[in-house]
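**Q** Structure, please.
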Amino acid sequence: MKEDIDWSKWNSKENNFLKYAHIKSKLIYGSFSEEIPEVSIMIITYKRAGGLKQALESAINQDYKEDYEIVVCDDSGFDQETDDLMKEYCSKHSNVIYFRHEKNLGQYANWNRACELCRTKWYCLLHDDDILYPDYLKKNMNSVLGKNVGLSAVYLTVNDTRSQNNKVSPLKRLIKCFENIFIFINHGRILPIKIKDNLKHMFVMNSTFINREKAIAIGGLDDQFWPSSDFAFAAKMNYYYSTYFLPEKLVKKGLGDSESLKIEVCNDSIKCAYYQTYAMCMTLKYSEKKSKKIASIAAVISELGVRGYNNIDYGPVKKELGMSSVYNNEFIIRLIYIYSRFFWSLLIFRR
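**A** Numbers count the residues shown, from 1 in each chain. Okay, the predicted model is just below:
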């Protein structure tokens with residue numbers, strides 16, 4: 001994370017697409033149809049042909065009767081395995097299109113480039129290690145009809161391919177049980193996520209379903225907020241438009257060795273949660289004391305998330321942020337975890 005980030009600009013509409021306008025994306029295989037469909041699946045990839053193939057298969061095999069496009073945005077440079085794969089899929093499927101960037105853009109810039117290359121009103125942003133369930137498009141399209149949605153997301157299941165043995169605690173088993181009950185009761189109803197939910201570090205960023213026009217209007221993702229540019233984008237979308245949550249398990253997320261699992265990235269994620277939440281509170285005219293308290297809780301919720309990647313002592317990071325030592329107490333951390341899940345459960349009463 002950069003040390004000189006101006007978090008007060010978390011809601012800036014500055015055009016982040018211009019940063020990379022000099023780097024072109026070349027159409028390698030496939031072609032667009034004359035008619036523009038309503039929705040696309042935009043797949044971002046980087047040197048992961050095996051995962052890309054699974055993502056492509058899930059995108060192709062959607063139980064959706066209308067036309068849609070599948071556009072692959074490759075940030076790898078030339079990779080023979082990926083090139084061979086895309087040549088095959090583009091020759092077999094007329095709605096599959098493959099772009100390769102002239103130079104490496106980076107993860108979040110690739111997100112923005114996917115938005116630029118998209119032609120449709122709606123698009124799903126899919127990573128090359130994630131898999132869509134067959135009814136993903138159908139249920140998402142049905143859920144956003146007639147609503148002023150900027151961004152929505154869904155529940156996911158996790159496919160952890162790492163070698164370490166991840167034991168599931170009794171508390172997490174109980175939470176998972178409540179999640180299943182929540183999904184059953186809600187029965188496919190889309191739920192609004194408000195800006196004050198974001199202050200509790202409640203974000204919807206799982207294989208997001210995005211309104212392209214609104215994403216461009218707010219300037220796209222700002223990579224200065226790495227590694228939490230996606231959370232900043234979701235908060236910004238919520239500030240100007242609206243975000244929603246469709247509580248159905250429609251995506252399987254791959255979890256293997258990647259950049260996001262590095263210890264320094266986990267540390268930076270906690271810092272970003274604190275700084276962004278504090279900045280949002282100040283924008284909303286909260287007192288400094290209240291802002292720091294809310295930011296501290298958000299940092300702990302972020303810590304709980306990254307513990308699933310690297311379960312180490314994050315006390316030094318919290319000390320660096322100036323947080324009270326009470327947030328190192330394991331009992332308090334568990335209470336904050338329950339607090340977080342409790343507020344997610346309250347969404348069932350939203351209309």
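**Q** Could you check how far the closest residue to C115 other than its chain neighbours is from I312?
**A** Spatial nearest neighbour of C115, chain neighbours left out: A215 (5.1 Å); criterion: C-beta to C-beta, 6 or more residues apart in numbering. Yep, even glycine has a C-beta here, placed from its N, CA and C like the rest. Distance from A215 to I312, counting by C-beta to C-beta, to the nearest Å: 35 Å.
**Q** Between these two, point out the one with more neighbours.
**A** Counted by other C-beta atoms under 10 Å, A215 and I312 do not tie: A215 has more neighbours, with 27 against 13.
**Q** what about the more buried one, distance to N206?
**A** Taken as C-beta to C-beta, the span from A215 to N206 is 17 Å.
**Q** just so I have it, where are all the helices in the stretch 1-150 of the chain?
**A** With DSSP state H, counting those that start in this stretch as the criterion, the stretch 1-150 of the chain has helices at 49-60, 80-92, 107-117, 136-144.
**Q** what lines up beside the longest strand along the chain in the sheet?
**A** Identified as the longest strand of the chain according to DSSP state E is strand 243-255. In the sheet, strand 243-255 lines up against strand 130-132 (antiparallel), strand 151-160 (parallel), strand 191-193 (antiparallel) (DSSP bridges).
**Q** and the residue lying closest to N198 once chain neighbours are set aside, what element?
**A** Leaving aside its chain neighbours, N198 sits nearest to A235 (4.7 Å; criterion: C-beta to C-beta, 6+ apart). Using DSSP states H and E, A235 maps to helix 229-240.
**Q** quick check: angle from that helix to helix 107-117?
**A** 50 degrees (axes from the mean of the first three to the mean of the last three C-alpha atoms, to 10 degrees).
**Q** Could you pull up the mean pLDDT of helix 229-240?
**A** Average pLDDT, helix 229-240: 96.
**Q** Repeat that for stretch 93-107.
**A** Across stretch 93-107, the average pLDDT comes to 97.
**Q** again, but for stretch 311-319
**A** For stretch 311-319, the per-residue pLDDT averages 92.
**Q** what does stretch 199-218 give?
**A** For stretch 199-218, mean pLDDT is 92.
**Q** What's the end-to-end length of it?
**A** 20 Å (C-alpha to C-alpha, to the nearest Å).
**Q** same check, this time on stretch 273-291
**A** Stretch 273-291 has an end-to-end distance of 12 Å (C-alpha to C-alpha).
**Q** Touching it from outside, list them.
**A** Here stretch 273-291 makes contact (C-beta atoms under 8 Å, 6 or more residues apart in numbering) with 5, 7-8, 10-11, 195, 198-199, 201, 225, 228, 231-232, 235, 292, 294-296, 298-299, 301-302, 321, 323.
**Q** cool, stretch 327-334 as well?
**A** If you take C-beta under 8 Å, 6+ apart as the criterion, stretch 327-334 is touched by L171, S296, A299, V300, E303, L304, G315, K318, V326.
**Q** R212 contacts L117, doesn't it?
**A** No: between R212 and L117 there is no contact under C-beta atoms under 8 Å: 10.2 Å.
**Q** what's the distance between the nearest residue to G51 once chain neighbours are set aside and F78?
**A** When the adjacent residues along the chain are set aside, G51 lies closest to D129, with 4.1 Å between them (C-beta to C-beta, 6+ apart). D129 sits at a distance of 21 Å from F78 (criterion: C-beta to C-beta).
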